[in-house]
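# I'd like to go over a predicted model; first the sequence, then the structure.
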Amino acid sequence: MTYRMILNQTSYFGRGAISNLADEVKSRGFERGLLITDKVLLETGVVKKITDILDAAGVKYDVFSDVAANPPVENVKAGVAAAKKIDAQFLIGLGGGSPQDTAKAVGIIVENPEFSDVLSLEGVAATKNPALPIIGIPTTAGTASETTINYVITDTDAKRKFVCVDPHDIPVIAIVDPDLMDTMPRSLKVATGLDALTHAIEGYITPGAWELSDSVHLTAIRMIAANLRASADGDREAGEKMAYASYIAGMGYSNVGLGLVHGMAHPLGGRYDAPHGVANGILLAPVMRYNAEHTGEKYRDIAEAFGVEGAATMPLDEARKAACDAVAKLTVDLGNPTKVSEIGVTEEGLDALADDAFADVCTPGNPRKATRDEIRELYASLL
């Protein structure tokens, strides 16, 4: 068995880390860039923090801020046009998963124009060239898109999200600056934090996991269990820990894959426009219970990471239950929805959701091989 790890060339962490942006841009000889972001970050002044640095360094740039949540194919095509218009030499993905995923797709297509339809990037596309160099700057602590080889785009015509997995898309530079995350509203801190937790847990239990990925995922689980509640309530130090935990989880899951939680969450985003982290939060504990008997001792580790008393010595079935209960309690404590009906799902929509989830690229990474009917039953249990 061989294992592959793909990581950024360079990463910076800490408050004020964006001060390294200018030196990185100039040392690489970049003169023209496209900053890909969303209108909220533009209006709240977060974008200006980046453009001020570029202005001071004399770097030319345009800002593309038309990225929507759950970015559609049309966003990507518009971004490609914007990058080509200025003959961009690099891209900055500034934001949560949506701007950064858009930047990845844009960067890939600029250098691999045969995929300009966007849809053909689904799955593991046979791209030949690395993406236009990307600098990933997250403003949320959840997706870890700044350090992964994955991105997700929405096909609005088919009402579905599709996952792209491509080593050519990883940002060359990641800058994780918690100063950019402090102003996130509580709801976003909750959703993105639950996304990070899902990455860490699914990456920890997927069959492709190994010692190195286990070490980063278990570290991330501990950090999230200890800090997510306080971060959601505005604690800056806890928020900083969440920023790092998100990245740490991304280092792992990007290289070993995810599982059924993500497989079932993607259709909730594609068909009901559910925020990705919210969908993961609904599904994580129930899918953990579904998987429990196929996870060896790993739920014991998760229970210990959550601080469950006696987890190290209790019978395995109790430890597994304790891990699931701890995740469920965290979800409730944070106020995340716990039913798919809360985001608009009805009985009539279950068949389409089950079909999409069964076909999702993340689903085969689950430790328990799920049938289409079992997936439908899981959705139905959450109405």
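Arrived safely.
# could you measure the residue nearest to residue 177 when sequence neighbours are not counted against residue 27, distance?
Spatial nearest neighbour of residue 177, chain neighbours left out: residue 17 (4.1 Å); criterion: C-beta to C-beta, 6 or more residues apart in numbering. Yep, even glycine has a C-beta here, placed from its N, CA and C like the rest. Relative to residue 27, residue 17 is positioned 16 Å away (C-beta to C-beta, to the nearest Å).
# Pick out whichever of the two has more residues nearby.
Per other C-beta atoms under 10 Å, whichever of residue 17 and residue 27 has more neighbours is residue 17, with 19 against 8.
# Check what pLDDT the residue nearest the centre of the chain gets.
Closest to where the C-alpha atoms of the chain average out (C-alpha atoms, centre = their mean) is residue 143, at 2.4 Å. In this model, residue 143 is scored at 94, pLDDT.
# Residue 356 now?
pLDDT at residue 356 comes out at 97.
# I'd say it and residue 265 touch.
No. Using C-beta atoms under 8 Å, residue 356 makes no contact with residue 265, being 10.6 Å away.
# Looking at those two, which is more packed in?
Neighbours per residue (other C-beta under 10 Å) separate residue 356 from residue 265, with residue 265 holding more: 30 against 23.
# Name the nearest residue to the more buried one, sequence neighbours excluded.
Setting aside the residues directly before and after it, residue 265 is nearest to residue 279 in space (C-beta to C-beta, 6+ apart), at 3.8 Å.
# other SSEs contacting the helix or strand hosting the one you found?
In this structure, residue 279 sits in helix 276-291 according to DSSP states H and E. Judged by 3 or more C-beta pairs under 8 Å, 6 or more residues apart in numbering; DSSP states H and E, helix 276-291 is in contact with helix 186-205, helix 260-272, helix 316-334, helix 372-381.
# which one is the residue nearest to the centre of the chain nearest to, not counting chain neighbours?
residue 97 (3.4 Å).
# Same check on residue 65?
Residue 65's closest residue in space is residue 42 (C-beta to C-beta, 6+ apart), at 4.6 Å.
# what helix or strand does that neighbour sit in?
Here residue 42 is assigned to helix 39-43, by DSSP H and E.
# Other residues contacting that helix?
Helix 39-43 has contacts (C-beta atoms under 8 Å, 6 or more residues apart in numbering) with 47, 63, 65, 66, 94, 95, 99, 139.
# so which one among these has the lowest pLDDT?
residue 66 (93).
# Would you report the backbone torsion angles of residue 207?
Main-chain dihedrals, residue 207, degrees, to the nearest 10: phi -60, psi -20.
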